[in-house]
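> Sequence and predicted structure are below.
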Amino acid sequence: MSDTARIVSCPTCQAAVKWTAKNPYRPFCSERCKLIDLGAWADESHRIPGDADHQDVLSEDLQGR
């Protein structure tokens with residue numbers, strides 16, 4: 001196995017990051033960048049696109065009551 005660590009870009013600031021077990025924040029460069037990304041998910045800046053025609057199961061349950 002090679003001793004060369006894979007280098008990836010931090011998803012938040014694009015800094016070069018070594019992908020190793022010694023980096024507890026991977027794929028991020030720091031705790032700060034990790035928390036910025038978490039905040040973006042929490043305020044729904046990041047989201048996984050869904051099918052606009054498909055209704056949420058919970059919404060269907062609430063409408064039927």
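Structure received.
> rest of the way, CA atoms for contacts and neighbours
OK.
> the strands in the protein, which residues?
For the chain, the strands defined by DSSP state E cover 6-9, 16-19.
> I'd like the ones you listed as TSV, with distance to residue 31 appended.
Output for the strands of the chain, formatted as TSV (distance: least, CA to CA, whole Å):
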stretch	distance to residue 31
strand 6-9	15
strand 16-19	13
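> Just say which of these is most tucked in.
strand 16-19 (a mean of 18; mean count of other CA atoms under 10 Å).
> one step back: who wins for proximity to residue 50 among the strands of the chain?
Checking the strands of the chain against residue 50 by CA to CA gives strand 6-9 as the closest, at 26.9 Å.
> on that earlier part again, residue 39 is nearest to which of the strands of the chain?
strand 6-9 (19.1 Å).
> okay, and the helix or strand of this structure with the least pLDDT?
Of the helices and strands making up the chain, the lowest-confidence element is helix 57-63, at a mean of 58, by mean pLDDT, DSSP states H and E.
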